[in-house]
Every structure is written in structure tokens, then in C-alpha cells.
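Engineer: Please work out how this folds:
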Amino acid sequence: MSYSLGQLADALGCTVTGDPGIEIVGVSTIEQAGPGEITFFANKIYAQKLKSTRASAVIAAEPLAGIAAATLVSSNPYHDFARALALFYQPPKPAPGIHATASIAATARIGPNASIGAYAVVGEDVQLGANAVLHPHAVIYQGCVIGDDFTAHSHVSVREYTRIGNRVTLQNGVVIGGDGFGFAKGNDGRQHKIVQSGVTVIEDDVEIQTLTSVDRATLGETRIKRGAKIDSLVQIGHACVVGEDNIICGQTGLAGSTVLEENVIMAGQTGSAGHVTVHKNAIVWAQSGIGHDVPAGAIVSGSPAFDSREWLRASAAYSRLPEMLRTIRALERRVAELEQRQKS
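Structural biologist: Numbering: from 1, shown residues only. Prediction:
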């Protein structure tokens with residue numbers, strides 16, 4: 001499949017600086033793109049590499065001077081790069097039909113155009129919307145209600161009574177609605193399991209990456225709101241709320257009853273104590289730990305997390321602690337010497 005640069009501009013709503021007749025056959029990185037390919041420029045740190053790119057065209061926020069490539073001028077180069085990539089590559093989608101080895105309960109209701117792969121399991125009283133794709137070994141437990149255009153990759157498990165909206169994608173190994181981590185110590189000193197009687201709710205347009213777990217609530221619900229995107233190896237504890245359009249990066253852990261409001265970013269390897277709220281538009285930098293509420297629009301770092309500007313200053317001071325300690329000890333010696341002289 002190929003497009004002229006002009007056709008690509010029309011499809012993306014961009015304008016062309018250069019020859020609109022250039023044939024574009026694919027999308028690649030600045031370093032690896034060759035003739036016939038388009039790349040994108042959205043970060044100034046790549047400006048030097050841009051000068052040597054062999055790409056035929058570049059998606060950028062403004063016309064680019066000093067390079068041979070044409071420019072596709074975009075108001076959002078990174079987003080239009082993603083849209084361009086989708087024009088050239090779509091992952092294969094299995095044909096509709098139910099594999100002979102799949103196990104479908106008699107009480108399950110399967111919507112039209114479903115594709116259910118080998119050894120997939122759909123339990124009793126499940127409602128599965130139109131155009132669903134269950135890849136091999138995906139399992140949907142009893143009583144789940146799932147909307148249209150759902151995709152579950154291999155080894156996904158959706159536990160009992162989970163509710164899932166439209167256009168949700170679960171990547172390989174995701175577990176939705178597994179038991180929350182709840183135990184109570186009895187008078188005998190042993191830990192006794194607390195029944196996890198709540199549900200997990202996944203709203204529309206959510207994507208969850210590989211090997212991530214979203215627990216069911218002890219009581220009530222765990223909810224992932226519309227448009228949230230959750231990376232691999234993330235743990236969402238019981239009764240958490242993940243807000244609209246959140247980005248949660250890999251190896252993040254949310255303890256039970258954490259609430260993230262809309263447009264929150266949790267960077268990689270972050271964590272929260274339970275029963276805290278991260279208010280809208282806040283950003284938690286990588287490897288930070290939250291032990292208290294985070295105000296709207298705040299950017300926090302460290303563990304325990306605090307204002308990132310203060311954290312940067314503290315980090316700079318931390319590397320100087322040995323030098324500062326030597327200085328303090330030298331001053332203490334001088335003071336001691338002065339005191340000794342005064343006594344004598």
C-alpha cells in the first residue's frame with residue numbers, strides 16, 4: 001500500500017511543503033527511514049539527527065529548512081504520526097467464527113461477527129457484544145457483560161461479573177477482576193481471607209497492556225474510566241478508581257481505594273499508599289511513592305513524593321552531602337580549637 005504525500009496530507013488534515021507527488025510506502029524512525037518513507041519530528045533533541053535523515057518526508061509542526069525531505073505540516077506531529085502508521089499497518093484480525101475447540105456455555109449470548117479462537121472459554125450467562133475477538137485460551141467467567149468491539153488476546157482472564165464497555169482491548173496475560181488482596185487476622189493469629197464480593201468495571205476505549213492485573217473490590221467496585229491507558233506489569237488494587245484518559249506506565253502499583261482523577265500521569269515504577277487521591281492533571285514522576293493526596297495540576301517526585309522542583313534541588317544537594325559533611329566537620333574542629341584557645 002502506498003500514498004502520495006498529497007493524499008497522505010488530505011487523509012491527516014495536514015499541509016505539504018515540498019512535492020505532493022512523492023510516493024510514501026511506509027513509516028519509520030528518523031534514523032532508520034529511507035527513501036519512500038515518512039518520519040516525524042516532535043522533540044527538539046532530535047534536531048541534529050533530522051539533518052541526516054534519508055526519509056522522503058517528515059511530519060513536523062512547521063516547514064523544515066536545511067533538509068532534503070518534504071514536510072507534512074501538522075498541528076500535532078506525534079498524533080498524526082500515529083494516524084499515519086495506522087494507514088500503513090493494521091494488525092491481523094481473525095475471521096468471524098467460533099473454533100471447534102472453544103467452550104461456549106449454552107446460556108452465553110454472543111453478538112454478531114464474533115471471532116472466538118481455539119480453547120477460548122465463555123462462561124454461563126456471559127453477554128458478549130458485536131465484533132468481539134477472543135484469541136486462543138482467553139477465558140471469560142460467568143456473568144460478565146461486555147460491549148462491542150472487544151479484543152482479548154491470548155491468556156486473558158476476565159473474572160466473574162465483570163462489566164466491560166465498548167472498544168476495550170486487553171493484551172496478553174491481563175487479569176481483570178481477580179480477588180483483591182484482603183485478609184483479616186483472627187484471634188488465632190492467622191490470616192483469614194476476606195471474600196471479595198465487589199466487581200470490576202472497565203469503561204469504553206480502555207486499553208490494558210500485557211500481564212497487568214485489575215482487582216475486584218471487597219465491596220462496591222473497582223473502576224477504570226473511559227479512555228484510560230494502562231501499561232504492562234501494573235497492579236490496580238481493589239476499589240481503586242482510574243480516571244478518564246489516565247496514562248499509567250509500567251510497574252506502577254496502586255494500593256486499595258486509590259483514586260486517580262482525569263488526565264493523571266503515573267510514570268514508571270510509581271506507587272501509591274491506599275486511600276489517597278491524585279487530583280486531575282497531576283503528574284507523578286518515575287519511581288515516586290505517594291503517601292498523601294496530590295493537588296490538581298501538581299508535578300511530584302521522590303518517595304515520599306513532593307513538589308518536583310523541590311525534589312530536583314534536594315537531589316542536587318544529596319550528591320553534595322559527603323562534601324558538606326566534610327565542611328561541617330572541619331568547621332566543628334575549628335570551633336573546638338577556638339573554644340580551647342579561649343579557655344587557655
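
Engineer: From now on I want contacts and neighbour counts done on CA atoms only, so please keep to that.
Structural biologist: OK.

Engineer: List the contacts of Gly271.
Structural biologist: Gly271 makes contact with Thr252, Gly253, Leu254, Ala255, Gln287, Ser288, Gly289, Ile290 under the criterion CA atoms under 8 Å, 6 or more residues apart in numbering.

Engineer: Buried residues, the helix or strand hosting Gln48. List them.
Structural biologist: Using DSSP states H and E, Gln48 falls within helix 47-50. If you call a residue buried by 16 or more other CA atoms under 10 Å, then helix 47-50 has these buried ones: Leu50.

Engineer: residues in contact with it?
Structural biologist: Ile30, Glu31, Phe41, Ile67.

Engineer: is it true that the first one touches Ser56?
Structural biologist: No - taking CA atoms under 8 Å as the contact criterion, Ile30 and Ser56 are not neighbours in contact, 10.6 Å apart.

Engineer: wait, isn't Met1 in contact with Val25?
Structural biologist: Yes - using CA under 8 Å, Met1 is in contact with Val25, at 6.4 Å.

Engineer: Please tabulate the contacts of Gly271 in JSON lines and include neighbour count, pLDDT and secondary structure as additional columns.
Structural biologist: Formatted as JSON lines, the contacts of Gly271 follow (neighbours: other CA atoms under 10 Å; pLDDT from 0 to 100; DSSP: H, G, I helix; E, B strand; the rest coil):
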{"residue": "Thr252", "neighbour count": "25", "pLDDT": "98", "secondary structure": "coil"}
{"residue": "Gly253", "neighbour count": "22", "pLDDT": "98", "secondary structure": "strand"}
{"residue": "Leu254", "neighbour count": "26", "pLDDT": "98", "secondary structure": "strand"}
{"residue": "Ala255", "neighbour count": "20", "pLDDT": "97", "secondary structure": "coil"}
{"residue": "Gln287", "neighbour count": "17", "pLDDT": "96", "secondary structure": "coil"}
{"residue": "Ser288", "neighbour count": "22", "pLDDT": "97", "secondary structure": "coil"}
{"residue": "Gly289", "neighbour count": "22", "pLDDT": "96", "secondary structure": "strand"}
{"residue": "Ile290", "neighbour count": "23", "pLDDT": "96", "secondary structure": "strand"}
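
Engineer: Could you work out the most separated pair of these?
Structural biologist: Ala255 and Gln287 (15.3 Å; CA to CA).

Engineer: thinking again about what came up before, and the following helix or strand past the helix holding Gln48, C-alpha only, in PDB?
Structural biologist: Next along the chain after helix 47-50, taking DSSP H and E as the criterion, comes strand 57-60. What follows is strand 57-60 as a C-alpha-only set of coordinates in PDB (Å, rounded to 0.1, in the frame of the first residue of the first chain):
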ATOM      1  CA  ALA A  57       9.100  13.400   4.200                       C
ATOM      2  CA  VAL A  58       8.800  14.500   7.800                       C
ATOM      3  CA  ILE A  59       5.700  15.200   9.800                       C
ATOM      4  CA  ALA A  60       6.500  18.400  11.800                       C
END
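
Engineer: just checking, what packs against strand 57-60?
Structural biologist: strand 37-40, strand 70-73, helix 77-88 (3 or more CA pairs under 8 Å, 6 or more residues apart in numbering; DSSP states H and E).

Engineer: Show the model's pLDDT score for Gly178.
Structural biologist: Per-residue confidence at Gly178 stands at 97 (pLDDT).

Engineer: Without its sequence neighbours, what residue ends up closest to it?
Structural biologist: Asp215 (4.8 Å; CA to CA, 6 or more residues apart in numbering).

Engineer: What distance do you get for Arg190 to Gly182?
Structural biologist: Note on Arg190: its distance to Gly182, by CA to CA, to the nearest Å, is 13 Å.

Engineer: now do Gly189
Structural biologist: 16 Å.

Engineer: Which of those two has more residues huddled nearby?
Structural biologist: Using other CA atoms under 10 Å, the more surrounded residue of Gly189 and Gly182 is Gly182, with 16 against 8.

Engineer: From what I see, the more buried one and Thr218 are in contact.
Structural biologist: Yes - Gly182 is within contact range of Thr218, at 7.4 Å (criterion: CA under 8 Å).

Engineer: Which neighbours do the two have in common?
Structural biologist: Joint contacts of Gly182 and Thr218 (CA under 8 Å, 6+ apart) are Ile194, Val195, Gln196.

Engineer: Tell me the pLDDT of the last one.
Structural biologist: Gln196 carries a pLDDT score of 95 in this model.

Engineer: Can you name the residues that contact the spatially closest residue to it that is not a sequence neighbour?
Structural biologist: Nearest residue to Gln196, sequence neighbours excluded (CA to CA, 6+ apart): Thr218, at 4.0 Å. Thr218 is in contact with Gly180, Gly182, Ile194, Val195, Gln196, Ser197, Gly198, His238, Ala239, counting by CA under 8 Å, 6+ apart.

Engineer: distance of the second one from Gly237?
Structural biologist: Taking CA to CA as the measure, Gly182 and Gly237 are separated by 10 Å.

Engineer: In what element of secondary structure is Ala95 found?
Structural biologist: Using DSSP H and E, no helix or strand contains Ala95.

Engineer: Nearest residue to it in space, please, no chain neighbours.
Structural biologist: Ser115 (6.2 Å).

Engineer: what bridges to the one you found?
Structural biologist: Gly97, Val133 (DSSP bridges).

Engineer: what does the average pLDDT come to for the longest helix anywhere in the chain?
Structural biologist: Counting residues, the longest helix found in the chain (DSSP state H) is helix 321-343. Helix 321-343 shows an average pLDDT of 89 in the prediction.
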